[in-house]
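Asker: turn this into a model:
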Amino acid sequence: MPRCFWCTDDPLYVAYHDHEWGVPLRDPQALFELLLLEGFQAGLSWITVLKKRERYREVLFGFDVQRLAALTDEYIEQTLMQDAGIIRNRLKLRAARQNAQAWLRLDDPVALLWSFVGGVPKINHFSERSQVPAVTAEAEAMSRALKKAGFTFVGPTICYAYMQAAGMVMDHTIDCDRYAALCQG
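Answerer: The predicted structure is shown next:
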């Protein structure tokens, strides 16, 4: 099966590419989890995060936003910072708490996130890797809005990767098998 240029032959990556990446997400829990994971990925490869995702789900209470908003400094320091199964970056772990708190303050996080693409997936028709942007005006607007709402680790590049992963923009290249499937909805 032809796949996007970034998808290696790692079975975890292949499964992610074939079943998750670019599929429109509207479930608040799934969108929240993905937002945090994209923040954890900053400066690292996505496969690193994918390999640690199940452990994150365990130690971050299934990404339960209420529980994450109430994380204590003690839990961050004594449990999370000691867990080799996750990315032990204090700033990113504290950001998970801060982002959960900011998420809870939003009236309708799903509507806000999808508003940057007009509520429907933006379908791109890229044929080459060089055509796929790292940042767009929509991602810059999302980043500004999220920062204003109190989020962190939500720069424009992270926001665009988030938009791609959550299916807000469909960036499977036209030679990828998933392109046709996702264009048909």
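
Asker: how about the lowest-mean-pLDDT helix or strand in the chain: buried residues?
Answerer: Lowest on mean pLDDT, DSSP states H and E among the helices and strands of the chain sits helix 177-183, with a mean of 92. By neighbour count with 16 or more other C-beta atoms under 10 Å, helix 177-183 contains the buried residues 178, 179, 182. (Glycine included, C-beta is placed from N, CA and C.)

Asker: which residues touch the last one?
Answerer: Think residue 182. Counting by C-beta atoms under 8 Å, 6 or more residues apart in numbering, residue 182 makes contact with 22, 23, 121, 123, 167, 170, 172.

Asker: rerun at 6 Å
Answerer: Counting by C-beta atoms under 6 Å, 6 or more residues apart in numbering, residue 182 touches 22, 170.

Asker: residue 98 and residue 52: what is the separation?
Answerer: 20 Å (C-beta to C-beta, to the nearest Å).

Asker: next one: residue 28
Answerer: The gap separating residue 28 from residue 52 is 22 Å, by C-beta to C-beta.

Asker: these two - which one has more neighbours?
Answerer: Just comparing residue 28 and residue 52: by other C-beta atoms under 10 Å the higher neighbour count belongs to residue 52, 20 against 15.

Asker: what ranges of the chain fall below the confidence cut-off?
Answerer: Scanning the chain for pLDDT under 70 picks out 185.

Asker: now the helices for it?
Answerer: Taking DSSP state H as the criterion, the chain contains helices spanning 11-19, 28-41, 46-59, 65-69, 73-78, 90-105, 109-115, 137-148, 156-165, 177-183.

Asker: to residue 4, which of those helices lies closest?
Answerer: helix 11-19 (6.4 Å; C-beta to C-beta).

Asker: which strands and helices sit next to the closest one?
Answerer: On a contact count with 3 or more C-beta pairs under 6 Å, 6 or more residues apart in numbering; DSSP states H and E, helix 11-19 meets helix 46-59.

Asker: again, 8 Å this time
Answerer: In terms of contacts (3 or more C-beta pairs under 8 Å, 6 or more residues apart in numbering; DSSP states H and E), helix 11-19 is packed against helix 46-59, helix 177-183.
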